[in-house]
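*Asks:* here is a sequence together with a model predicted from it:
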Amino acid sequence: MLNKPSIPKGTRDFLPAEMAGRNYIFQTITNVFSLYGYTPIETPAMENLSTLLGKYGEEGDKLLFKILNSGDFLSKVPSGEYFRDSNKLSFKICEKGLRYDLTVPFARFVAQHKNSLTFPFKRYQIQPVWRADRPQKGRYREFFQCDVDVIGSNSLFNEIELGQIIDDVFTGLNVSCDVKINNRKILAGIVDLVGESGKFNQIMTAIDKMEKAGRENVIMELRDKGLSSESIEKIMSFIGITGSNKQKLNSLISMLQESEAGVKGAEEVEFLFNNLEKLDLQNDFTFDVALARGLDYYTGTIFEVKAKDAEIGSICGGGRYDNLTEMFGLPDVSGVGVSFGADRIYDVMIQLNAFPRELLTTTKLMFTNFGEKEAAFSLSVLEKVRKAGVSAELYPETVKMKKQLSYAHRRHIPFVALVGETELKEQLVTLKNMETGTQEKISPAKLIEKLTS
RNA sequence: GUGGAUGUAGCUCAGCAGGUUAGAGCGUCAGAUUGUGGAUCUGAAGGUCGCCGGUUCAAGUCCGGUCUUCCACCCCA
């Protein structure tokens, strides 16, 4: 029995119409990346599991796709306990995994190739990543990330540049966004002042839900995690701060006086905003104390971008990581970068109808096919048209005009050249404008002139 | 990973309390004096009712399982 063809949960095929949109996004993004001097790299789809594990937090480890060892993978596993714990067993029989993001493989790449790189190293990387998450709208198991990172520089000018890149990309894509910025040092300072440093990660994931779940739920979650009422109240007084970016920063700096890290973080954010303000940015940049982000490796600035007019999670996110390459044997190299989620950006742009109409057009001119002799003449004109840089094609079969024109119509081909018996005799073509419906009989030279002007 | 929904023609959905040939709209294809699309009219094709199993004389309709998609949680692009 033949089963219906299918693909794994959370993966997708892309039709030509979808690829047009996706490539438009990739092109816009790469153009911006190279405009700022970033160069591309690629890394393998799979990494050694040891490279991936322990970088994304407990939750992240669970979401890694593991790859079963080849050959007789059970032969080396001691019998007994391993066969009662599938999680434990999985690490025994899987040495490789699919990458979960592009940042960790990048850190590995930098540590591995440090001698061939020039620092500060600016790279971009556009490749798919995989997460064994349960799929939902805007959440896939295979999706593309477009990463830009600078590594080997502590300067906050890198952060400013990333802010500009974010602004340029989304302006170019015609999607208006809220760009939220915070700094992990501020959060560390807060947790420190509260005296709950041991619960840093737990507190992070709780307060990250401020916007989505609301104040009450965050308080409840913190209580569930064993924080005292005083601690909770103190935390809430920090993350509940309101006002303009400047006002929030000012009050925060005074509240954080006792924490060196906290003040440092606030000053970094202040520096960032002071500089961003001077730039001509199209999107909204706001300082959000409740922005935490789940990934373990962030240590400084963190970014998160949401589309203003669409219901979907974040479409871009990132931050600074001071110790990631250290895990691969290269200490004291700080990096910062952001990742654009191409698939979600695509979904947003579909929702907002933000794709330019011309995307649908692949061929500008189609020659109709009236018969062998006429088509042969069309072929000679076609050659010249293409040499002039106009994408054009000949309808391959001699079928009814109705069918040929309807084909052109459906493919959004804007011009059709009708070459029939009379045109062949006169060595002319009838150029039809498919939008207005008007047509005129002109020479091949004139045709090219019209289409290239 | 936890909890909850969904699944009927290419698409969006109907299908009355289980009962004979499963419907509509849109789309597709073919025609409306043989060189003209997007409008109209006529007609046609197209469905293992997600899949497997069970209950029943009888299941798209009930039950169980499974897969998919979606929603919440978790987390994130």
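*Replies:* Cool, the structure landed.
*Asks:* quick one: mean pLDDT over the longest helix anywhere in chain A.
*Replies:* Among all segments of chain A classified by DSSP state H, the helix with the greatest residue count is helix A:16-35. Average pLDDT, helix A:16-35: 92.
*Asks:* each with direction, which strands does the next helix or strand along the chain from that helix pair with?
*Replies:* Downstream of helix A:16-35, the first helix or strand assigned by DSSP states H and E is strand A:39-40. Here strand A:39-40 is paired, per DSSP bridges, with strand A:121-130 (parallel).
*Asks:* between helix A:16-35 and the partner strand, find me the angle.
*Replies:* 160 degrees (axes from the mean of the first three to the mean of the last three C-alpha atoms, to 10 degrees).
*Asks:* is RNA strand B within reach of strand A:121-130?
*Replies:* No: figure legend: strand A:121-130 not in contact with RNA strand B (C-beta under 7 Å from any atom of the strand); closest approach 7.8 Å. Using the backbone N, CA and C atoms, a C-beta is placed for each residue, glycine as well.
*Asks:* the longest helix of chain A near RNA strand B anywhere?
*Replies:* No: Helix A:16-35 stays clear of RNA strand B (C-beta under 7 Å from any atom of the strand), getting no nearer than 11.9 Å.
*Asks:* what's that helix in contact with?
*Replies:* A:14, A:40, A:124, A:126, A:144, A:146, A:148, A:165, A:168-169, A:172-173, A:340, A:342, A:345-346, A:349-350, A:355-356, A:359-360, A:362 (C-beta atoms under 8 Å, 6 or more residues apart in numbering).
*Asks:* ok, now stretch A:57-64?
*Replies:* A:49, A:52-54, A:56, A:97-98, A:100, A:131-133, A:201, A:294-296.
*Asks:* could you list which of these belong to strands?
*Replies:* A:97-98 (DSSP state E).
*Asks:* are any of the contacts of stretch A:57-64 buried, and which?
*Replies:* Buried by 16 or more other C-beta atoms under 10 Å: A:49, A:52-53, A:56, A:97-98, A:100, A:131, A:295-296, out of the contacts of stretch A:57-64.
*Asks:* state the pair within the residues you listed that is farthest apart.
*Replies:* Maximum pairwise distance among the buried ones among the contacts of stretch A:57-64 (C-beta to C-beta): 19.0 Å, between A:98 and A:296.
*Asks:* please parse chain A into its domains.
*Replies:* A:9-176+A:309-357, A:185-279, A:361-452 (automatic domain parsing).
*Asks:* now the terminal residues of the first one, how far apart.
*Replies:* Between the opening and closing residues of domain A:9-176+A:309-357 lies a distance of 31 Å (C-alpha to C-alpha, to the nearest Å).
*Asks:* likewise the second one?
*Replies:* From the first residue to the last, domain A:185-279 extends over 25 Å; the measure is C-alpha to C-alpha.
*Asks:* wait, does that domain make contact with RNA strand B?
*Replies:* Yes: counting by C-beta under 7 Å from any atom of the strand, RNA strand B is contacted by domain A:185-279 at A:205, A:208-209, A:212-213, A:221.
*Asks:* so for that domain, mean pLDDT?
*Replies:* Rounded mean pLDDT across domain A:185-279 is 90.
*Asks:* try the last one
*Replies:* Predicted confidence along domain A:361-452 averages 93 (mean pLDDT).
*Asks:* tell me the buried residues in stretch A:223-237?
*Replies:* A:227, A:231-232, A:234-236.
*Asks:* quick one: the strands in the stretch 101-250 of chain A, in order.
*Replies:* Remark: strands assigned in the stretch 101-250 of chain A by DSSP state E, counting those that start in this stretch are A:121-130, A:142-151, A:177-183.
*Asks:* the second one: which residues count as buried?
*Replies:* Spelled out, it's strand A:142-151. Quick answer for strand A:142-151 (16+ other C-beta under 10 Å): A:142-151.
*Asks:* tell me the contacts of residue A:336?
*Replies:* A:149-151, A:158-159, A:162, A:300-301, A:318-321.
*Asks:* about what we covered before: closest one of the buried residues of stretch A:223-237 to residue A:286?
*Replies:* Closest to residue A:286, out of all of these and judged by C-beta to C-beta, is residue A:236, at 19.2 Å.
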